[in-house]
Each structure stands twice: as C-alpha cells, then as structure tokens.
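Structure for this input, please:
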Amino acid sequence: MRIMGVDFGDARTGLAVCDKDELLASPLTVVQERDRERCAQAVAEAAKAQKAELLVVGHPKNMNNTIGERAEACQAFAERLHELTGLDYVLWDERCTTVSAHQYLNVTNTRGKKRKAVVDAVAAVIILESYLAYRKHQGAN
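Just a heads-up that it's a prediction; the model follows:
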C-alpha cells in the first residue's frame with residue numbers, strides 16, 4: 001500500500017511516502033505555507049500525485065499523553081485532508097520526532113538553510129517509518 005506521512009506545522013509541513021511494499025519511507029517535500037487551507041490543498045494534491053492510499057498524520061501528544069492545542073490542530077488538519085482526498089488517515093504519535101530529525105541531520109552534518117528546508121520532511125519520514133514498523137509487527141499488510 002502506498003502511504004504518505006505528514007508532519008503538519010504552522011509554517012512548514014513535511015511529507016514522506018513509502019513504496020508499495022511498505023519497506024522504505026522516503027522524504028517527498030516540504031510544503032511552505034502558513035494558511036491551513038492552502039496547505040491542506042497542497043498536501044491533498046501531493047497525495048493524489050503520489051497515488052497515496054492512506055495518510056499518516058503526526059499527532060503531537062503532550063509528554064504526559066494528553067491532547068493539547070497542537071494535537072487538536074493536527075487532528076483538524078487530518079480531517080480536512082480526508083474531506084479533500086477521501087483517503088482514510090491515522091493519527092500517529094509523533095512525540096520527539098523533530099528532535100530525532102535534528103539528530104539525524106547532525107550525523108549527516110546538514111546545517112543552516114539546507115537543514116531548515118529538510119527537517120520537516122525528515123520528521124515525516126520518522127513518523128511514517130514508525131507507523132510502517134507497527135504495521136509490520138501487527139501483520140496489517
């Protein structure tokens with residue numbers, strides 16, 4: 001199944017996609033858009049272009065597992081994507097993914113403007129990889 005990972009942000013939204021066999025998640029792009037509706041439209045267009053069959057949207061719960069304002073915004077964004085695409089979505093716990101993305105970029109010595117341009121796509125890859133690992137262990141293929 002072709003699955004798209006989404007790391008929704010106020011200014012930048014990272015996208016990642018996996019292959020049909022769900023083995024490899026790859027960064028796709030970063031949508032730089034502050035307007036939520038225009039961002040949702042751009043993500044919906046990317047999902048269509050990639051022939052995505054499912055969306056995995058990062059759900060940033062608080063560290064104590066409660067749902068805050070940011071997680072509610074991500075859920076509303078996922079629901080809007082569903083309206084635009086007709087695709088099902090999964091809200092996936094994304095706690096610490098941006099921190100992990102920065103650590104990966106430290107290893108590759110990616111700095112400055114280049115780092116800022118890709119960190120959200122790397123975070124989307126981490127979200128998607130985590131979900132793919134879950135599917136593999138649950139036998140959901």
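
Can you name the element that comes right after the helix or strand bottoming out on mean pLDDT in the chain?
Here the helix or strand of the chain ranked lowest by mean pLDDT, DSSP states H and E is helix 97-107, holding a mean of 58. Heading C-terminal from helix 97-107, the first helix or strand you meet, by DSSP states H and E, is helix 112-138.

Give me the buried positions along that following helix.
Buried residues in helix 112-138, counted by 16 or more other C-beta atoms under 10 Å: 115, 118-132, 135. All C-beta atoms are positioned from the backbone trio N, CA, C, and that covers glycine.

and if you look at stretch 18-32?
So, applying 16+ other C-beta under 10 Å, buried residues of stretch 18-32: C18, E22, A25, P27, L28, T29, V30, V31.

try stretch 6-20
V6, D7, F8, G9, R12, T13, G14, L15, A16, V17, C18.

Same check on stretch 73-90?
C74, Q75, F77, A78, R80, L81, L84, T85, L87, Y89, V90.

Now for the fifth one, which secondary structure element holds it?
Looking back up the chat, that one is R80. According to DSSP H and E, R80 maps onto helix 69-85.

what's that helix packed up against?
With contacts taken as 3 or more C-beta pairs under 8 Å, 6 or more residues apart in numbering; DSSP states H and E, helix 69-85 sits against strand 3-7, helix 36-49, strand 54-59, strand 89-93.

Name the surrounding residues that touch the third one.
The list of residues contacting strand 54-59 from outside it, by C-beta atoms under 8 Å, 6 or more residues apart in numbering, reads 1-8, 47, 71, 74-75, 77-78, 81-82, 85, 87-94, 97, 123-124, 127-128, 131.

and that strand with helix 36-49, angle?
Counting by axes from the mean of the first three to the mean of the last three C-alpha atoms, to 10 degrees, strand 54-59 lies at 140 degrees to helix 36-49.
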